[in-house]
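A.B. asks: show me the folded form of this:
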Amino acid sequence: MLGYIIVLIVIGLIAGAVARLLVPGRDPIGVLGTILLGIAGSFAGGFVWNLIEFNRFAPHKFHPAGIVGSILGAIGVLIVLRLTGAERRRRRL
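C.D. replies: Numbers count the residues shown, from 1 in each chain. The predicted model follows:
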C-alpha cells in the first residue's frame, strides 16, 4: 500500500508539472498543489478512458489511464480551475 501511495505521488507530480508547463499562464499552487493537480488529472483521465473504452460509467472499478491520460486529465482540470478562478489566492498586504 505504501508503494502505491508513493507511485501515486510521483505520477501526480510528473503529470501536474507537465500540465502546468503545457498550459500557458501563472499558477500560484506550489508543489503540493501540483501533486494534487496531477492526482486529480489521473482520476479524470481514468474516468474519461473508462467511458471511451467501455462506453459505460463504472465507479466501482479503478482503471489507471497511464501517464498520457494523467497529463491530459491534469490539463483539463487545470483549465477548469482557471475558468472557475478556484486556484486564485488572496493577495497579502
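A.B. asks: tell me the confidence at the nearest residue to residue 69 once chain neighbours are set aside?
C.D. replies: By the measure of Cβ to Cβ, 6 or more residues apart in numbering, the closest residue to residue 69 outside its immediate chain neighbours is residue 45, 3.3 Å from it. For glycine as for every other residue, the C-beta is placed from the backbone atoms N, C-alpha and C. Per-residue confidence (pLDDT) for residue 45: 82.
A.B. asks: residue 90 now?
C.D. replies: 50.
A.B. asks: in the helix-or-strand element of the chain with minimal mean pLDDT, what counts as buried?
C.D. replies: Sorting the helices and strands of the chain by mean pLDDT, DSSP states H and E puts helix 30-54 at the bottom, at a mean of 83. Using 16 or more other Cβ atoms under 10 Å as the burial criterion, the residues of helix 30-54 that qualify are 34-47, 49-50.
A.B. asks: how about the strands in this structure?
C.D. replies: Using DSSP state E, no strands are assigned anywhere in the chain.
A.B. asks: in it, which residue is closest to the centre?
C.D. replies: For the chain, the residue nearest the mean C-alpha position is residue 41 (2.1 Å; Cα atoms, centre = their mean).
A.B. asks: show me what contacts that one?
C.D. replies: 12, 15-16, 19, 70-78 (Cβ atoms under 8 Å, 6 or more residues apart in numbering).
A.B. asks: contacts only, for residue 71.
C.D. replies: For residue 71, the set of contacting residues under the criterion of Cβ under 8 Å, 6+ apart consists of 15, 18-19, 22, 41, 45.
A.B. asks: farthest pair in those residues?
C.D. replies: Between all members of those, the longest pairwise span (Cβ to Cβ) is found for 22 and 45 and amounts to 14.1 Å.
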